[in-house]
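A.B. asks: sequence below, structure please.
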Amino acid sequence: MRFLLTDWKRGFTEPRFFLAMAISLGCVGISLCVTLQSGITDGYGLFTQSHSLILPFCAPLLCALPYSNMQMREADTGFDRLMALRCKHKSWLFRRFITNGFISGVTGVMGGATLLAVSLLWDTTACTTEIYQVLGLNFIFGVAFGSLSYGLCFVNTQRYIPLIAPQVGYLFAMYACPTLRLNQYFPPLAFAPWILPSMFDLTNMVTLLLGLTAVGFGLTVIGQVRKAVGV
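C.D. replies: Modelled structure (predicted):
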């Protein structure tokens with residue numbers, strides 16, 4: 001538990017975490033300006049419209065940015081070997097998996113939380129159960145893509161791959177799903193259901209996100225096995 005608390009503290013003070021927050025706030029600011037110019041004045045509409053404009057299309061990169069490839073950066077300096085010794089080789093990679101997932105989840109929800117705060121200042125009736133549920137979905141989204149990015153650290157040698165690959169795959173799926181008539185799996189729906197509300201299915205989206213988390217965990221297992229055998 002001490003390792004997790006220390007690692008969380010480290011993750012939330014990483015410059016890349018603040019960079020992800022700054023980008024999120026920039027996206028929120030631009031979205032709010034566009035939404036207000038469109039004439040929407042109620043708090044609920046302000047939130048849903050703004051939440052659908054920019055954040056859903058760059059969310060995988062934002063969630064991966066703070067901590068997902070820390071493992072690779074530590075390997076370059078030898079810090080990973082020190083951590084393995086301190087933890088007595090007891091699955092510290094899995095502890096980092098938990099830490100990274102939590103930090104990525106928080107990153108995923110921060111943009112929406114900021115939008116909610118602004119919407120409540122604009123209109124106190126903006127707060128609804130639906131919005132809270134979507135913020136919870138944003139957290140799961142962050143955990144899923146952060147975990148996938150973390151897992152990719154163990155199957156390649158380039159530090160940019162864990163950051164870029166999930167975002168590229170996400171954008172590709174955005175174009176492929178409508179072409180294949182799989183709109184119910186349109187990736188941004190897992191972040192902002194109001195983009196295509198008639199197509200949104202919570203079970204489909206949660207299953208998809210849990211699947212991505214499982215893939216990330218599986219790749220982490222590969223990393224643990226490779227370290228155990230000295231590969």
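A.B. asks: which residues touch Leu189?
C.D. replies: With contacts defined as CB atoms under 8 Å, 6 or more residues apart in numbering, Leu189 is in contact with 195-196, 199-200, 205. For glycine as for every other residue, the C-beta is placed from the backbone atoms N, C-alpha and C.
A.B. asks: restricted to helices, list these.
C.D. replies: With DSSP state H as the criterion, helices contain Met205 from among the contacts of Leu189.
A.B. asks: mind checking which of the contacts of Leu189 are buried?
C.D. replies: Burial by neighbour count, 16 or more other CB atoms under 10 Å: within these this picks out 195, 200, 205.
A.B. asks: helices along the protein, start to end?
C.D. replies: With DSSP H as the criterion, the chain has helices spanning 2-12, 15-37, 43-51, 55-64, 70-77, 79-86, 92-122, 129-152, 161-179, 202-229.
A.B. asks: how near is Thr125 to Thr99?
C.D. replies: Using CB to CB, to the nearest Å, one gets 37 Å for the distance from Thr125 to Thr99.
A.B. asks: which one of those two has more residues nearby?
C.D. replies: Summary of the neighbour comparison: Thr125 and Thr99, criterion other CB atoms under 10 Å, with Thr99 having more neighbours (24 against 11).
A.B. asks: where does this protein have low pLDDT?
C.D. replies: Low-confidence segments of the chain, defined by pLDDT under 70: 1-4, 71, 73-91, 227-228, 230-231.
A.B. asks: what sits against the residue positioned nearest the centre of the chain?
C.D. replies: Taking CA atoms, centre = their mean, the centroid of the chain lies closest to Gly142, which sits 2.3 Å from it. Contacts for Gly142 (CB under 8 Å, 6+ apart) come out as 59, 63, 104-109.
A.B. asks: how about 10 Å then?
C.D. replies: Gly142 makes contact with 59-60, 62-64, 66, 101-110, 191, 209, according to CB atoms under 10 Å, 6 or more residues apart in numbering.
A.B. asks: show me which of the contacts of Leu189 is closest to Arg159.
C.D. replies: For the contacts of Leu189, the minimum distance to Arg159 (CB to CB) is 29.6 Å, reached by Met205.
A.B. asks: phi, psi for Ile54 please.
C.D. replies: Dihedral angles phi and psi of Ile54 (degrees, to the nearest 10) take the values phi -120, psi -50.
A.B. asks: would you confirm that it contacts Cys33?
C.D. replies: No. Using CB atoms under 10 Å, Ile54 is not in contact with Cys33, being 11.0 Å away.
A.B. asks: so which of the two has more stuff around it?
C.D. replies: Legend: neighbour count by other CB under 10 Å for Ile54 and Cys33, higher for Ile54 (19 against 11).
A.B. asks: all good on my end, thank you.
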